Structures are given as C-alpha cells and as structure tokens.
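# Fold the following, please.
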Amino acid sequence: MTTTDSPLAERHALITGASAGIGAATARRLDAQGCRLTLLARRAERLESLAAECQNAEIICLDVRDATAIEKRLSGLAPDILVLNAGLARGTSPAFGNSAAEVDEVLDTNIKGYVNLLRALLPGMLERGSGDVVLLGSVAGRQVYPGGGIYCMSKHAVRALYESLRIDTAGSGLRFTSVDPGMVETEFSDVRFDGDHDAAKAVYSGFDALQPDDIADIIQFAVTRPPHVNLGEIVVWPTAQASTTSVTRDQ
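Below is the predicted model of the structure:
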C-alpha cells in the first residue's frame with residue numbers, strides 16, 4: 001500500500017505528549033501513513049526534532065494543564081484523530097503520602113489535561129460528525145497497586161471519562177477508544193523516580209516490557225477500522241505481566 005492509498009492519507013491527527021514515548025511513536029507511525037500531524041508537548045527541542053523527521057507536522061509547545069493557552073491556541077480546530085496521551089506519575093508513596101504539588105501535577109495533567117483538550121477540540125469534531133478520539137488509559141485504571149494511589153485514581157478517572165464520552169456523544173459519528181497498557185518501557189519511570197535512571201531501569205529488568213511502538217501499532221489499527229467499527233476498550237499486557245502486581249522476571 002502506498003501512502004496515498006492509506007486510510008490515513010490526508011487525515012489530521014493531533015497528539016499530546018508527543019515529545020517522547022508512546023506519543024512520539026504514534027506520530028511516526030501515523031506520519032508514515034500520510035497523516036498530517038499537530039504535535040503538542042512542553043519540550044520544544046524534542047518536538048522540533050520529531051517534526052523534522054515527519055513529512056507534514058506542525059508543533060505546538062504548551063502544557064496541557066494550561067486551559068487558557070489551550071483555549072487560545074486550539075479552539076476552532078477539528079482534527080480527524082485526537083490522541084490524548086500526555087500523562088505522568090510521581091513517586092511511589094500511598095495517596096496520603098504524596099505532596100500537594102505532586103497530587104496537583106498528576107491529577108491536573110492526567111485528568112484535567114484531557115478535559116482541557118476535549119473542551120477545545122470536541123465541538124468542532126462533533127460539528128463535522130466524524131473522527132477518532134483515543135484516550136491513553138492504563139491497567140492502573142482497572143487494578144490498583146501499592147504506592148500508586150494518586151496515579152491509579154487518575155487512570156480510573158480516564159476510564160470514567162471514556163465511558164461518559166461514549167454515552168454523551170452517542171449517534172454523533174465519533175469513535176472513542178481507550179487503550180490501557182500494562183508496563184511500557186518509556187521515560188515514565190524516569191519521571192516517576194525524579195530522574196533516578198537506575199531505579200527506573202530496574203522496573204523493566206528481567207522481562208520483555210511493552211515498547212512504545214507496540215502501543216502505537218494498536219492505535220494505528222484502531223483508527224483505521226471501517227467507520228461502523230469502534231474498538232472501544234483495548235487492554236494490552238506484556239506476556240510476562242499477569243496483573244499490576246505480578247510480573248514474571250528472569251532469575
């Protein structure tokens with residue numbers, strides 16, 4: 001299949017958290033299929049480097065927590081594909097042990113960040129009557145684990161948001177997909193452990209973790225189904241991970 005034959009040719013995708021990990025991998029995959037991209041994240045240099053790899057990409061450098069900036073920069077846009085990917089975790093304390101700043105950062109990014117984008121972009125998508133919205137959830141939105149209280153709470157909220165969007169926009173022509181991965185080897189743990197790379201590396205040691213391109217492949221598949229097919233909830237685990245608390249590692 002050539003790029004011009006691709007079901008993504010000339011479609012427009014806006015991807016948040018596009019500077020690394022799943023967001024960057026998704027951008028590369030959709031770009032390879034001829035999709036026009038808007039890449040959104042906080043790190044300008046990373047976005048510029050990624051955009052330089054792509055055939056047709058523009059960048060928007062802002063924080064998804066900044067509702068005013070999002071309203072100003074994005075209102076009126078109506079992408080064909082919206083990938084809500086920006087998210088993070090901080091530390092491994094129980095919910096009552098996180099600092100107020102950590103709680104605010106995680107909840108404002110993982111929950112309110114998604115809502116901020118939807119407020120700006122969903123009206124135009126609804127008016128057009130077609131499009132895909134992909135929400136990056138997590139198995140942590142289905143099973144909690146020790147030391148993940150605030151992060152798990154945020155991902156349970158994403159699952160509730162996904163379910164409410166399906167109900168509130170029923171009959172609109174839009175499709176909503178929640179992709180809920182298990183352990184994916186990205187910068188996620190580096191951020192969680194505040195740059196302690198050894199601690200982050202240990203999270204993924206002794207087994208084959210999911211990779212960003214594994215999730216990007218799933219996103220590409222979901223948004224290229226025939227219009228009457230909506231892959232709603234996609235849960236994907238590393239083969240070695242049986243639950244949020246059970247991973248079989250090499251001895």
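# just checking, what's the longest helix in the protein?
Longest helix in the chain by number of residues (criterion: DSSP state H): helix 149-168.
# For the helix or strand just after it, name the packing helices and strands.
Once the chain leaves helix 149-168, the next helix or strand it forms, by DSSP states H and E, is strand 174-181. The contact analysis (3 or more Cβ pairs under 8 Å, 6 or more residues apart in numbering; DSSP states H and E) places strand 174-181 against helix 113-128, strand 131-136, helix 149-168, helix 212-223, strand 233-236. For the C-beta atoms, the positions are set from N, CA and C on the backbone; glycine is no exception.
# Give me the mean pLDDT for strand 174-181.
For strand 174-181, mean pLDDT rounds to 98.
# Give me the sheet partners of it and which way each runs.
Strand 174-181 pairs in its sheet with strand 131-136 (parallel), strand 233-236 (parallel), by DSSP bridges.
# Pull out the buried residues from the helix or strand just after the last one.
Under the assignment DSSP H and E, the closest C-terminal helix or strand after strand 233-236 is strand 241-243. When neighbours are counted by 16 or more other Cβ atoms under 10 Å, the buried residues of strand 241-243 are found to be Gln241.
# which residues touch strand 241-243?
Here strand 241-243 makes contact (Cβ atoms under 8 Å, 6 or more residues apart in numbering) with 139, 143, 182-183, 207, 247-248.
# Is the nearest residue to Arg42 once chain neighbours are set aside part of a helix or strand, or is it coil?
Among residues not flanking Arg42 along the chain, Asp63 sits closest, at 5.3 Å (Cβ to Cβ, 6 or more residues apart in numbering). Recorded secondary structure, Asp63: coil (DSSP: H, G, I helix; E, B strand; the rest coil).
# How much space separates Asp63 from Ala199?
Noted for Asp63: a distance of 25 Å to Ala199, by Cβ to Cβ, to the nearest Å.
# Tell me who's in contact with the nearest residue to Thr16 once chain neighbours are set aside.
Spatial nearest neighbour of Thr16, excluding adjacent residues (Cβ to Cβ, 6+ apart): Ala86 at 4.2 Å. Counting by Cβ under 8 Å, 6+ apart, Ala86 makes contact with 16-17, 23, 40-41, 64, 109, 113.
# before we move on, what about Gly129?
172-174.
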